[in-house]
Structure formats: C-alpha cells, structure tokens
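Peer 1: when you get a sec, could you give me coordinates for this:
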Amino acid sequence: MPISITDGTTTIDLPSDLQWSDEFEWSSVEQEKEYSLTGALLVQQGIKQKGRPITLKSGGGAWVLRSVVKALQAYYNTPDQVFTLTLWDETFVVQFERPDGLKAEEVLRQADPGPTHFYTIELKLFEVAE
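Peer 2: Numbers count the residues shown, from 1 in each chain. Prediction:
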C-alpha cells in the first residue's frame, strides 16, 4: 500500500515499507489527577482533538533516492506548511516536528553522491486540524 506526502501541488512518493514506529504509543484520552485539600483524588479526562505523532522510519530496509530526500528537505524548510500524508489506507493532515523532523543517512558513503544515491530516512510528523 502506498505512502505519500503532498503540499497540494507536489506529491512525494515514499517506500511502502516504512515503519510507523509510534503508531500505538499515543492515546486520544488525556488524564490529569490531583488531590483536593480534603485528600480526595480528583480525576479529569478529556479527548484530544489532534496532535498524534507519526514517526516514519526506514528501519534499515526502506531506502529512498537522494532526489526524494531533497524534496522532503524543501518541505521541511517551509515554515507553517501543512501537508496531507497518505499512510497505507489512512489520510492525515500533518506538520513536521521541530527540531529533528527530518533525518537522512547515506546507505553507502560516496564522495560525490548523485541523484540515484540511496538514503535511509526518519520523518517526525504530528497530526494537526485541517
């Protein structure tokens, strides 16, 4: 199933085998607990509207071309930009986490990497309201 990210004008296709490393680490329920002056436990709960983190990692196996890394870097370097992420069968409206929202590592070090040079990536995004 495909993974892509778009700014509405340009779409960047990503490897379908990227790992969503924090998929099940987030809860939409927020909870606060405190004690009253009488010693009673007060619990407040609510539902978060957005903010879910979405971290996509190569995991050593999903390689992307240098040209894809450069396109992602252009997205990352655009402040306040909102993107549409298609992740398998779901769609999310996201922004890049700052700092460290984009990391790329060369698979094999070359003195003069060309457009077909491969990288592993890590994207840190979070879901925002549309």
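Peer 1: list the helices and strands the longest strand seen in the chain packs on?
Peer 2: Looking across the chain with DSSP state E, the single longest strand is strand 118-127. Under the contact criterion of 3 or more Cβ pairs under 8 Å, 6 or more residues apart in numbering; DSSP states H and E, strand 118-127 touches strand 53-57, strand 64-65, helix 66-76, strand 90-96, strand 102-106. (Each C-beta comes from the backbone N, C-alpha and C, glycine too.)
Peer 1: for Gln44, find the nearest of the ones you listed.
Peer 2: Gln44 lies closest to strand 53-57 among the helices and strands packed on strand 118-127, at 22.8 Å (Cβ to Cβ).
Peer 1: for that closest one, which outside residues touch it?
Peer 2: If you take Cβ atoms under 8 Å, 6 or more residues apart in numbering as the criterion, strand 53-57 is touched by 3, 14, 18-23, 25-26, 85, 87, 92, 94, 97, 120-127.
Peer 1: hmm, what's the outermost residue in the protein?
Peer 2: The centre of the chain is farthest from one residue, Thr38, which by Cα atoms, centre = their mean lies 44.1 Å away.
Peer 1: now that one, what's its secondary structure?
Peer 2: Here Thr38 takes the coil state, with states given by DSSP: H, G, I helix; E, B strand; the rest coil.
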